[in-house]
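# Sequence first, then the predicted structure:
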2 protein chains.
Amino acid sequence: MATEATTDDGSDAPDAYDALLDRARRWNTVGSAAGVLGWDQQVMMPEGGTPARSKQLSTLSSIRHDMLTDDETADLLAALEDADLTDEQAAAVREIRREHRRAAAVPVGLVEEISETGSEALQAWEQAKADDDFETFAPYLRKHVELKREYAEHIDPDRDPYEVLFEEYEPCLSIERAEAILTELREALVPMIDAIRESDRDLAVDTFDGAYPTDAQEALARDALEYLGYDFDRGRLDVSSHPFTSGNQFDCRVTTRFDESDPLGAIGSTIHEFGHAQYNLGLPKEHWATPLGEARDLSVHESQSRLWENHVGRSRAFWEQFLPMMTDRFPDAADATVEDAYEAANQVYEDNLIRVEADELTYHLHIVARFEIERDLIRGDLAVEDVPEVWNDKYEQYLGIRPETDAEGCLQDIHWSHGNFGYFPTYSLGSVMAAQLYDAADAAIDDLEGSIADGDFDPLRDWLATNVHAHGSRYETNELVERATGEAFSADAFLAYVDEKYGELYDL
Amino acid sequence: MATEATTDDGSDAPDAYDALLDRARRWNTVGSAAGVLGWDQQVMMPEGGTPARSKQLSTLSSIRHDMLTDDETADLLAALEDADLTDEQAAAVREIRREHRRAAAVPVGLVEEISETGSEALQAWEQAKADDDFETFAPYLRKHVELKREYAEHIDPDRDPYEVLFEEYEPCLSIERAEAILTELREALVPMIDAIRESDRDLAVDTFDGAYPTDAQEALARDALEYLGYDFDRGRLDVSSHPFTSGNQFDCRVTTRFDESDPLGAIGSTIHEFGHAQYNLGLPKEHWATPLGEARDLSVHESQSRLWENHVGRSRAFWEQFLPMMTDRFPDAADATVEDAYEAANQVYEDNLIRVEADELTYHLHIVARFEIERDLIRGDLAVEDVPEVWNDKYEQYLGIRPETDAEGCLQDIHWSHGNFGYFPTYSLGSVMAAQLYDAADAAIDDLEGSIADGDFDPLRDWLATNVHAHGSRYETNELVERATGEAFSADAFLAYVDEKYGELYDL
């Protein structure tokens, strides 16, 4: 596959490397342009703009795909196969090669079919959820499962298709490790939630009952971002129906949403998105649009959002300064104490059926149930028509509650309507990683809790920037975690954290 | 150049046509994606986003250029040279061929050099304007003149370079006609403005003196857009430092700006942008991203904005219903009569040096001065160092006032810092065309003035949609005007309009 100019001896490896990076910058720049269009679509675009926007996005996606998979890219990668590269260069080539191989392996027609099925499936899912009628969605789910099995087979016919799909989101975490961690979570959390259900302790769950006007909530969300150190010269806060983060090291924007009866929801989601944005804003500018300037995968990204949301935003220390900021915006809440706020922010919703409304503990059992179901679907061990019952059984078994409708059960999440199988585990893996990273930061920083209580987030921000953000995709996930924490990625820190925190809160 | 598959006999012309249109849709879709990024840059983007945005825009521009100029496009155009096409198809091919030829003629390196010079020149111009120091800008203006002469020579070495540059904005209006119209304007307006200066009539120029809060102005701008029939499901109103319109038939957004002491400024500029947006929103959806679904050139676009701004927004009929809407937002202005508002909206600023603050009459002399200067610069008949004096002489001669500084003189506009020569005339040509189109609409619509006075804009909107917007770029400019108005494009209607309007206002 090598071109004449870049033959056997690899003597001109640096030239091929530069040429490859130039190409990667080009296709990643197209990808980042599409990102801006995606942000606009969710935040600014009038409804009528959909037809043009769909075409713009599919055109950019196809241009990016063509560059990534064409002969010139293949030839450059071939020329660099045994080339003498620095560690940094080798890391960049490794990432480009992986993405190229995966994209080149799947026929464009199949990708388009999946994308089209996604549009139809999304509509069917919305209808099915509204009508509480799984049968409306079932044919589309079946189709997605078939197409994604086919997709996995193109990439590697010899491996477990769920593993291959999981690698779409976590190319460098093994499914075995993921599965082991999820199993550990299940085994530890099911009895812990049982114990909480039995506990006599009443937390101050009604601390923030009442109505909280949206404009004051928005002002408070801005306060929170300013307080944590979000750089508004490189970002924005807007409102969207699903909070998300979009952007890069030059311009990374967050969104949030407001529920008048739940001010903690907007605060938590704003801090969560702050964590995502902080990661992107901390990527090295000089490596923009190359693997060394792009974030590692979903679990690492989620570790950054969860670290800020849970380990900072749900800590007593955080509320010491933040509670007065909150009562400034909401004078009605002036009687709340730091302890009240801490308890309200950390209550466990034992009877909640909805993942996105879950607390820090029960959340993972929502994920475990989804993971086991989608894994079995893709492996062919579970039929689509059995999903509702299996779902309900698992909820009963893991969370002690049984959904009465599929709308509140297996139809609640959008992911499968997009054909995203293998995505859910990354949420829990991110939380687990957050705990491990936070412990390492705590060990490295002199009185981290004290600095948070003082509203000084510089030490934590700096530690994360140095140990996580600055590396981009240079290290694979396990190596990144090991370098940052000195230990292999595991659930130990998370389990110790929840044990201590909820043991104290619920007197377990 | 024809490929084997599309040879001499043109028998497969329809295939080549479909293939060409597919390609054009692709590059125009990339162009429209860049348009969204441009809107975001001016309206939403945090300042820090500039480096990434510049790369995104230059990458999309280069991808578009590559598709437009590559061999495949050239081969398809060659195959269609003598093909048997419908009128519609022939029109689409004509437009694509023209754009392809022009883009293919100029070396990419020169385009990049002009773009880079533009960035430096913009900075130098900003500095020069702030310091009132033409010498700071002069070297960049000289460089731009040289580069643009070179650019024109690549496109056609045998023709007047200013004519070639003018065609960048007006590919199908001859420079002779443009020049004749501008000369007519100068000859008619210079004495008219002299007469107005001598007039004893005092207009109610202080009708809207005072302070008008920005939020109420914004609410009124929304009122105005709703009132005129702007489709907010396919658009937005935002604020930017320079008002502009951006988008297509699915999503076309306008911006405006506010000056607390000048509520008429925001109203006029909002209505102006409404006219631009109405054009894009009226383009046929089924031809999106092809010439038949794209707007004709700048003069036609400007005719739509000026028609709404001047012939509607500055009419007595408009103010009958709009004045109460305005005084609702601004109770302090409640004493104003429709006649007061009409006079305030139509006063002639005889001593104004600034183009963007000019009225409907003096405006064109600002343009004529710029046109004559840039034409002579590009033709080599004027040296850059002589621009300030020539500028001031022309202002004295045409407008009876002489700038005391270059900041208020030849440094006031941004256009030349971008290297845009040939752009200015399109503003006046658009106003002239607006008058001709308005007359035709008035002849075709039963009591147009009455419907405007009743706040019923449907007849005018429909007439413009049918006679201008629906055609996209199917007809060249002259044919479009002739089909819509029954007459060749000329200044007659405009001159009759201002004669009658200002004759009455100033008792001439």
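Arrived safely, thanks for sending. Numbers count the residues shown, from 1 in each chain, chains lettered A, B, ... in the order given.

# Enumerate the residues of chain A near chain B.
Selection of chain A residues close to chain B by CB under 8 Å from any CB of the partner chain yields A:25-26, A:29-30, A:32-34, A:36-37, A:40, A:44-53, A:55-56, A:59-60, A:63, A:231-236, A:247-251, A:253, A:285, A:288-289. (C-beta placed from N, C-alpha, C; glycine too.)

# ChimeraX command for the buried members of these?
Here is the ChimeraX command that picks out the buried ones among those, judged by 16 or more other CB atoms under 10 Å in any protein chain shown:
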select /A:25,26,29,30,32,33,34,36,37,40,44,45,46,48,49,52,53,55,56,59,60,63,234,235,236,247,248,249,250,251,253,288,289
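
# For stretch A:125-132, which outside residues touch it?
The contact list for stretch A:125-132 (CB atoms under 8 Å, 6 or more residues apart in numbering or on different chains) reads A:133-137, A:140, A:405-407, A:411-412, A:414, A:416-417.

# List buried residues within these.
A:133-134, A:136-137, A:140, A:405-407, A:411-412, A:416-417.

# ok, of those, which one's closest to A:His364?
A:Gln412 (16.1 Å; CB to CB).

# Contacts only, for the closest one.
A:129, A:353-355.

# Same list (those) but as a markdown table, adding pLDDT, distance to A:Phe258 and neighbour count.
Below are the contacts of A:Gln412 laid out as a markdown table (pLDDT from 0 to 100; distance: CB to CB, whole Å; neighbours: other CB atoms under 10 Å in any protein chain shown):
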| residue | pLDDT | distance to A:Phe258 | neighbour count |
| --- | --- | --- | --- |
| A:Lys129 | 96 | 22 | 21 |
| A:Leu353 | 96 | 23 | 21 |
| A:Ile354 | 96 | 18 | 13 |
| A:Arg355 | 96 | 20 | 17 |
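
# Tell me how far the residue in the stretch 151-300 of chain A positioned nearest to chain B lies from A:Arg461.
Closest residue of the stretch 151-300 of chain A to chain B, CB to the nearest CB: A:Asp251 (3.0 Å). With distances taken as CB to CB, to the nearest Å, A:Asp251 is found 18 Å from A:Arg461.

# can you give me the strands in the stretch 201-350 of chain A?
All strands of the stretch 201-350 of chain A, identified by DSSP state E, counting those that start in this stretch, fall at A:237-239, A:245-247, A:252-256.

# still on that earlier bit, residues contacting the closest residue to the residue of the stretch 151-300 of chain A closest to chain B other than its chain neighbours?
Leaving aside its chain neighbours, A:Asp251 sits nearest to B:Gly49 (3.0 Å; criterion: CB to CB, 6 or more residues apart in numbering or on different chains). By CB under 8 Å, 6+ apart, the residues touching B:Gly49 are A:234, A:247, A:250-251, B:41.

# low-confidence ranges in the stretch 101-250 of chain A?
Along the stretch 101-250 of chain A, the model assigns pLDDT under 70 to no residue.

# try 90 this time
Within the stretch 101-250 of chain A, the ranges that satisfy pLDDT under 90 run A:115-116, A:118-119, A:202, A:241.

# can you pull the pLDDT of the residue in the stretch 301-450 of chain A positioned nearest to chain B?
Nearest to chain B, among the residues of the stretch 301-450 of chain A, is A:His301, at 18.7 Å (CB to the nearest CB). With respect to pLDDT, A:His301 scores 98.

# Give me the contact list for stretch A:138-153.
With CB under 8 Å, 6+ apart as the criterion, stretch A:138-153 contacts A:106, A:110, A:113-114, A:117-118, A:120-121, A:124-125, A:159, A:161-162, A:164-165, A:377-378, A:380, A:384-385, A:387, A:416-417, A:419, A:421.

# Next: stretch A:335-345.
With CB under 8 Å, 6+ apart, stretch A:335-345 has contacts from A:203-208, A:264, A:268, A:313-316, A:319-320, A:322-323, A:326-327, A:505.

# Out of those, which end up buried?
Among the contacts of stretch A:335-345, those scoring as buried are A:203-204, A:207-208, A:264, A:268, A:313-316, A:319-320, A:322-323, A:326, A:505 (criterion: 16+ other CB under 10 Å).

# out of those, which are inside helices?
A:264, A:268, A:316, A:319-320, A:322-323, A:326, A:505 (DSSP state H).

# Show me which pair in those residues is furthest apart.
A:Met326 and A:Leu505 (20.3 Å).

# circling back: the residue of the stretch 301-450 of chain A closest to chain B: neighbour count?
21 (other CB atoms under 10 Å in any protein chain shown).

# Over to the one 4 residues further on?
A count of nearby residues for A:Ser305, using other CB under 10 Å, gives 24.

# Distance of the residue nearest to A:Asp251 relative to B:Leu60?
Distance, B:Gly49 to B:Leu60, by CB to CB: 15 Å.

# and what of A:Phe322?
For A:Phe322 relative to B:Leu60 (CB to CB), the value is 42 Å.

# what's the answer for A:Leu77, then?
Look at A:Leu77 and B:Leu60: by CB to CB, they are 25 Å apart.

# quick revisit: restricted to helices, list the contacts of stretch A:138-153.
Those of the contacts of stretch A:138-153 lying in helices (DSSP H): A:110, A:113-114, A:117-118, A:120-121, A:124-125, A:161-162, A:164-165, A:377-378, A:387.

# give me the residue from the stretch 1-150 of chain A nearest chain B.
With CB to the nearest CB as the measure, A:Gly49 is the residue of the stretch 1-150 of chain A nearest to chain B, at 3.1 Å.

# Backbone torsions only: list them for that residue.
With angles defined as degrees, to the nearest 10, A:Gly49 shows backbone torsions of phi -80, psi -10.

# A:Pro107 too?
Phi and psi for A:Pro107, reported as degrees, to the nearest 10, are phi -60, psi 140.

# Grab the nearest non-local neighbour of it.
Nearest residue to A:Pro107 in three dimensions, chain neighbours excluded: A:His154, at 6.9 Å (CB to CB, 6+ apart).

# Identify the residues contacting that neighbour.
A:His154 is in contact with A:105-107, A:110, counting by CB under 8 Å, 6+ apart.

# how many neighbours does the residue of the stretch 351-500 of chain A found nearest chain B have?
For the stretch 351-500 of chain A, the residue closest to chain B is A:Gly472, as judged by CB to the nearest CB, at 15.0 Å. The number of residues packed near A:Gly472 is 25, by other CB under 10 Å.

# what's near enough to touch it?
A:Gly472 neighbours (CB under 8 Å, 6+ apart): A:283-284, A:287, A:291-296.

# By neighbours, which of the residues you listed wins?
A:Arg296 (28 neighbours).

# SS state for A:Val145?
Classification of A:Val145 by DSSP: H, G, I helix; E, B strand; the rest coil places it in helix.

# Check A:Glu360 too.
From three-state DSSP, the assignment for A:Glu360 is coil.

# got the contact list for it?
Residues near A:Glu360 by CB under 8 Å, 6+ apart: A:310, A:314, A:346, A:431, A:498.

# Spatially nearest residue to the fourth one (excluding sequence neighbours)?
In space, and not counting its chain neighbours, A:Ser431 is closest to A:Arg306: 4.6 Å by CB to CB, 6+ apart.
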